[in-house]
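need the 3D shape of this:
(2 chains, ligands or ions: 1)
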Amino acid sequence: MSRDPAPVPPTDPLTPLHSGGALRRDDDKSADATQGGARRARASSSVEELVERLRSDAALGRNFSRWRVAPQRAPQAVDWPAALDPRIVELYRRRGVERPYAHQARAIEHALAGRDVLVTTPTASGKTLCYTAPVLQSLLASRGQARALWMFPTKALSQDQSSNLNRAISDLGEPWHSFTYDGDTSPSIRRTLRERGQVVLTNPWMLHTGILPHHPKWADLFRRLEYVVIDEVHTLCGVFGSNVAGVLRRLMRIAAHYGARPRFLLSSATLHDPLGHARALVGREVELVDQDGSGSGARHFAVYNPPLLDDVAGLRANALEEARRLAQQICGPAHQTIFFVNRRTAVEVLTRYLKEAAGELGLRPEEVRGYRGGYLPDLRREIEQGLRRGEVKVVVSTNALELGIDIGALDVAVLVGYPGNQASFWQRAGRVGRRARASLTVLIARSDPVDQYLAAHPEYLFAAPRERTALDPDNLVTLSEQLKCAAFELPFREEDDGSVRGFGPSSNVPGILDYLAEESQLLQKRERTWFWIADAYPAHHVSLAGNEPDNVLVLDSETDKAIGEIDREGSLTAVHEGAIYQVEGRTWKIERFDYANRRAYAREVDTDYYTEAETDTDLRVLRLEQAAQRAGDYAIFRGEVHVTTQATLFKKVRFYTRESVGAGQIHLPAEEIDTEAFALVLEEDVAARLELDGATWHGLGMLVRRVAPLYLRCQPQDLGLSCQIRSAHFSRPALFLYDRMHGGAGLSPVVFRAHRELLGAALEVARACPCRDGCPACVGPADEVGPLGKAGALRVLEHLVDGPGPTSAGIDVFDPPS
Amino acid sequence: MSAPSDPLRERLRRILPSPAAPVERTAASASLAAALPSALVEECNAAGSFLARTTRFGATHRHGELELASIEHARAADLALVARDPALQGLAPRDGLFLDIETNGLQGGAGGIAFLVALGAFVPAPAGERAFELWQGFLRGPADERALLVEVERRVRAAPLVVTFFGKSFDRHRLEDKLRFHSLPTPFSDKPHLDLYWPCRRLYGAALPNGRLATMERALLGFERQDDLPGSLAPAAWLDFLAGRAHRLEQVFAHNRDDLLSLVGLVAHLGRAEAGELADGRPLAGNAETRLQALDKLRAPRRRR
Ligand SMILES: [Zn+2]
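Reported below is the predicted structural model:
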């Protein structure tokens, strides 16, 4: 019933946790003699032995920066909550869950007491039970009258869950139904489903465009809605998450309109500030259940840093190549190994290699599989089943196997590169570890500041999460777009004090509604109520991911097939005419950029060079909202900015040698966005004392931007960078990090709060980097930051990090220090 | 209300996509703020109030080439046959409630608004004859919606039969959506419903360029509209009215009236489908060949698939 492996009754320690345990194959009857020999040699190796072998390996051992082991932990089982219907207890007992884990019992108790709950225990700790049991209870108590809405981030998950839930309902002997409502649901059965389903499983997009705008058709669901279940809420952040928070406000308004007040049952990976995240997402205080009561075997962790090939340039061996080397030690018939790579082609490359090497590993080629999005569903199901049954010994996957999909628990995970955030790291690591059996997770660091920071500070991974999530449903663009959709669904009423209730705390709501009425003419205000009057469907024009329709499609000029997509601002430097566009190792030359129609046409070419475009970014401060300073030294600000980006020219740079082999002009219009920014401003005499120059300032900015994902959940490319050696606004050196999303995506307030940690991490990385004058894993290559760039950046970072942080005392946003 | 020059307003102008070109509207001017259509009176109920206009047409009123009274000769059996709906057998066509709505242009969704609802029925007249009474309920704004729906629900519930053109696919669902929106009961479930669109298509579709009401009324009733405001402009006329420019509203009422009278004429026509002629002996208008072929098919026992 649960997507996670079913919890095992602790009274029976011999029951294999792995559902397919009995089907594991240890025979090697089809292997030839060589394979048989290798197979036998490796067949008995335990994870502990493997760890020992890796640590003591002459060639590999010294590349492991740190080993860490989390000892075996016994599960904490408790009694079922007394308030839980005995029929549900019986249902789980029949499924082998004699008693629940402590966290499951606590989550159920909270839910049955009418409280909103957030469960943040790890992957495979039985989270599904935490929200299934209360929903079943509400159905039993109301004799099928109650309704529940489950929202999942992906379609595959909701279909899995629907069949699990239907099985549970039929085991209870009740005639009720759950169903998946998504783009694939045929229109002819939608009506029946709407009228007859007790539990609707859907996704944010369908809720946004398919259900909420048509709520009268779903009146029965909303009137009796008792639970809203949302899985994987940590994925709801940034512009997308902020929009989903708006969708949830709309959902709650509609439920209230029909007289219901549903409770939220949320689940998530661990978060920096789970309660704050939940508050921003659902607008309520929730009960947090974060103490994992499920057991696990010993868990070994290690970070593997590929050896330096050139210590002046700081060049390290390629991470994927190192994964191949490690595979020779790790893979074998005795345990199941999963490789996580960050690119689709890497799946194919590594899978092919491992299949070829299968014999030496004591494996048959068919025991090695690749897995990624883009494979046909049948093939994916077959591989998932092979993993569950223990027949597939090695799988190479993208993040497609990170979330949800049931593949049972494996033994060894190798992460080729940090996946970009702690939640993903732990979800990948969570794929290994059966109860009472040891598991191993290895992270292979790339030549990237974040990966190198983790190689030096693996403890970061094990500490409480430090990435702050940007989740700001009151961001002006998001709020306005969601208010449009909400006003279509139900009119807004103005309170006596001029405020509007039911759509979050922002005082801007009435002003936005006025704007939508007076200037957009979508609404009309009459008798203190704003009504939707236009003949348009706002949800069809509001994308949950922000302004993606502006993306540029890169097409193969010969076949007209899309080979890539790039955002508006990035297109200036990546797909101008003459640019070399790289897709996973293949090179394409852009022949034509149809700027107006957002299409670039490319032809595949063999080149020995790539292109680098130069841009002039002009950042103008419009309004500052927040400030702090270390008096006489440096200050930080947050506010609104206008950014103009103009691509000027491009250089052709030879691969490997990086020598310049030509240049060209770029003729494209400037891109302009209004957005939000964080600014760090240095006093002039301090800058002079530190001998700050433009290249140093830029290298420092690049490094700070690239370590940002350690402390805020984002990709480095979500942040724009402008390093001004003399800012027109501040009349002194200023470094701006801005949201590269028109209207802002909520990152700048997070940078404002976390800037000390970012500077600290940047300093650590630059200090620890073995390169002499800069490299891609720290401030950038020496030919970009100049021969003194690394030393300069170190000097400035040391100065900034040393001493106390800035405070808001004595600084006014409207009066920058002069 | 925020002043047009406040910082929030300026910022919204910068960061929000500029509003899509609004539906065609007429520029404001004093002469356009004409009075509301005549004879509108306020109707009140527990849910609020709205405006309505009631118009009576004598039995001898001619709509195209037919008198409204010719509906007396329409046969329920013919209608049941052409509509493929045995439930219509025992119902007198003239007892029907004729229904047609005008909306703000949306094909559904919570933001759709039926701003004009026409309900027509034959009522006893003082002279002992029957007259056709057309009731047009109208929203001065979305706030009137609930009160109007309460009245519409009451009238539909009391009727033995509902008659529409394409209403099984559109009008009914728009009203039901809004009734559910306001948590009001819906009177349409199990209510006999004669939707004239499908019978007209079946009998004449092969001979006509399209199945629209305007096409059917011209071909079958010989009705030509005068100064008609196309139905597609009704939403803009209402939005104009909301913005203080009522000048096109009278035309919307007239268009909606003609729609409804055509429903009566089409029932009178289709109710004579088997006879092939009107009660006064005039042959039925429309292509007799396609009609006869369709009737043959309809009479044959339904084949199983
Ligand atoms: Zn370096």
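
let me see the contact set for the residue lying closest to residue B:70 once chain neighbours are set aside.
Closest residue to residue B:70 apart from its sequence neighbours, by C-beta to C-beta, 6 or more residues apart in numbering or on different chains: residue B:268 at 4.3 Å. Every C-beta, even on glycine, is put in place using the N, C-alpha and C of the backbone. Counting by C-beta atoms under 8 Å, 6 or more residues apart in numbering or on different chains, residue B:268 touches B:66, B:68, B:70, B:71, B:73, B:74, B:93, B:278.

kindly report the same for residue B:94.
B:71, B:72, B:74, B:122, B:130.

now, the most widely separated pair of those residues?
B:74 and B:130 (13.7 Å; C-beta to C-beta).

so which residue is dead centre in the chain?
Chain wasn't specified; assuming chain A. residue A:235 (5.4 Å; C-alpha atoms, centre = their mean).

wrong one, chain B
In chain B, the centroid-proximal residue (C-alpha atoms, centre = their mean) is residue B:100; its distance is 1.6 Å.

from what I can see it touches residue B:163, true?
No - Residue B:100 is beyond contact range of residue B:163, at 9.5 Å (criterion: C-beta atoms under 8 Å).

shared neighbours of these two, which are they?
Common contacts of residue B:100 and residue B:163 (C-beta under 8 Å, 6+ apart): residue B:263.

tell me which element the residue in the stretch 601-750 of chain A that the ion sits nearest to falls in.
Closest to the ion within the stretch 601-750 of chain A is residue A:703: 9.3 Å, counting by C-beta to the ion. Taking DSSP states H and E as the criterion, residue A:703 maps to helix A:694-707.

low-confidence ranges in the chain?
By default, I'm working from chain A. A:1-36, A:40, A:43-44, A:155-156, A:547-550, A:584-585, A:656, A:813-818 (pLDDT under 70).

sorry, should have said chain B
Filtered on pLDDT under 70, chain B yields the residue ranges B:1-5, B:18-35, B:302-305.

care to break chain A down by domain?
A:21-74+A:295-462, A:86-289, A:476-541, A:547-607, A:614-649+A:669-801 (automatic domain parsing).

can you add distance to residue B:244 and give these back as JSON lines?
Shown next, in JSON lines, are the domains of chain A (distance: least, C-beta to C-beta, whole Å):
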{"stretch": "domain A:21-74+A:295-462", "distance to residue B:244": "54"}
{"stretch": "domain A:86-289", "distance to residue B:244": "28"}
{"stretch": "domain A:476-541", "distance to residue B:244": "11"}
{"stretch": "domain A:547-607", "distance to residue B:244": "34"}
{"stretch": "domain A:614-649+A:669-801", "distance to residue B:244": "33"}
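
out of those, which gets nearest to residue B:56?
Proximity to residue B:56 (C-beta to C-beta) singles out domain A:476-541 among these, at 32.3 Å.

near chain B, anything from that closest one?
Yes - Domain A:476-541 comes into contact with chain B (C-beta under 8 Å from any C-beta of the partner chain), by way of A:476-477, A:480, A:487-491, A:508, A:510-512, A:514-515, A:518-522, A:524-527, A:529, A:531-538.

pull out the buried members of the residues you listed.
A:476-477, A:480, A:487-491, A:508, A:510-512, A:514-515, A:520-522, A:524-526, A:529, A:531-538 (16 or more other C-beta atoms under 10 Å in any protein chain shown).

so which of those residues sit within helices?
The helices, defined by DSSP state H, take in A:476, A:477, A:480, A:487, A:488, A:489, A:510, A:511, A:512, A:514, A:515 from those.

wait, is residue A:622 part of a strand?
Yes - with DSSP: H, G, I helix; E, B strand; the rest coil as the criterion, residue A:622 is located in a strand.

what's around the nearest residue to it once chain neighbours are set aside, how many residues?
Among residues not flanking residue A:622 along the chain, residue A:640 sits closest, at 4.3 Å (C-beta to C-beta, 6+ apart). If you count neighbours by other C-beta atoms under 10 Å in any protein chain shown, residue A:640 ends up with 22.

swap in the one 10 residues further on?
Counted by other C-beta under 10 Å, the residues lying close to residue A:650 total 23.

now residue B:248: how far from chain A?
Separation of residue B:248 from chain A (C-beta to the nearest C-beta, to the nearest Å) stands at 15 Å.

let me see the contact set for the residue in chain A that chain B sits nearest to.
Closest contact between chain A and chain B, by C-beta to the nearest C-beta, is at residue A:535 (2.9 Å). Going by C-beta under 8 Å, 6+ apart, residue A:535 touches B:23, B:104, B:105, B:106, B:235, B:239.
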